[in-house]
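K.L.:
Output the structure for:
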Amino acid sequence: MKTPAILLLLPLLLVPAVTRAELIEPRQEYRTCLQLARQKPEEGWEEAIAWQSLGGGEPARHCAALALIGLGKLAEGAKRLEALAGQSHQNERTRAEMLAQAAQAWLMAGKADEALTDQDAALRMVPGQPDLMLDKAVTLASVGHYAEVVEVLSALLKAQPNRIEAMVLRASAYRYLDKAELAKEDVARALVLDPRYPDALLERGMLRRLEDNKAGAREDWLKAIEAAPDSPAADTARRNLEIMDVKTAN
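P.N.:
Residues are numbered from 1 along each chain as shown. This next block holds a predicted model:
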């Protein structure tokens, strides 16, 4: 006697449906969500919210905050990161990274004081962390606190003597503090490490222009443009060349 088809299907119908939450591999989902948040923030936001509804917890909240920043909602994203860092059960390094990301969002929003508050809090969690120190120096430079920039970067360069970004930023701070010789030393060291480093070429051009060495400044700025045509350093070099040419013509 032939068994009815419905009876053959019955064992399958009685097996509980596998939910998406049971299929999610948390680490892979975290990586995917963060990538979307940075590259396609609208999709990242939707992914994060869906994941939160399935019990994604802290990683899903982290992804949502970064997606908001990508969508231009800088203050909201920063506040969410601050809250998450305060409530997180992760280690101090991870929490400090969340605060560093919040600080970057505040800086993008033009809120340097809020950025510095988060950076200081992060550095209390992981004292002397080089990337955080560099971030803090960038924030200090953005509000013209050049003596503090030098202080922070000098400490950083003791730990990482060949950190080229720190050398160039400290050179810029020295220039603003009218300490041209110290600025030249930092730029020279940076260009020994990387002769085509665009920010170092830009800075040396600035120093040469201050000495009225127009030919030297032009050479450095053209090299900066050639080394990285689409970089912020190249954009600044182009503007400086235009300004110098206008002044020369007049």
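K.L.:
And the helix or strand harbouring Arg238, what's buried?
P.N.:
Using DSSP states H and E, Arg238 falls within helix 232-249. Judged by neighbour count using 16 or more other CB atoms under 10 Å, the buried positions of helix 232-249 are 233-234, 236-237, 240-241, 244. All C-beta spots, glycine's among them, are computed from the backbone N, C-alpha and C.
K.L.:
So which of those residues sits lowest on pLDDT?
P.N.:
pLDDT is lowest at Met244 among the buried residues of helix 232-249; the value there is 92.
K.L.:
Now do the contacts for the residue nearest the centre of the chain.
P.N.:
Nearest to the geometric centre of the chain sits Gln104, at 6.3 Å (CA atoms, centre = their mean). When contacts are counted by CB atoms under 8 Å, 6 or more residues apart in numbering, Gln104 touches 115, 135.
K.L.:
per-residue confidence at it?
P.N.:
On the pLDDT scale, Gln104 gets 96.
K.L.:
Likewise for Thr32?
P.N.:
The score at Thr32 is 86. That number is its pLDDT.
K.L.:
any idea how far Gly70 is from it?
P.N.:
15 Å (CB to CB, to the nearest Å).
K.L.:
Which of the two has more residues huddled nearby?
P.N.:
Gly70 (20 against 16; other CB atoms under 10 Å).
K.L.:
Tell me the pLDDT of the more buried one.
P.N.:
Note for Gly70: predicted pLDDT of 94.
K.L.:
ok, now which ones touch it?
P.N.:
37-38, 41, 44.
K.L.:
Between these, identify the one with the most neighbours.
P.N.:
So for these (other CB under 10 Å), the most neighbours sit at Ala37, 26 neighbours.
K.L.:
Look up the closest residue to that residue, ignoring the ones flanking it.
P.N.:
Gly44 (3.3 Å; CB to CB, 6 or more residues apart in numbering).
K.L.:
Contact partners for that neighbour?
P.N.:
33-38, 63, 66-67, 70.
K.L.:
Please convert the buried members of those residues into ChimeraX selection syntax.
P.N.:
To isolate the buried members of the contacts of Gly44 in ChimeraX, using 16+ other CB under 10 Å:
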select :33,34,36,37,63,66,67,70
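K.L.:
Helix or strand next in line after the helix or strand harbouring the residue nearest to Ala37, which one?
P.N.:
In the assignment (DSSP H and E), Gly44 maps to helix 41-53. Using DSSP H and E, the helix or strand that follows helix 41-53 towards the C-terminus is helix 57-70.
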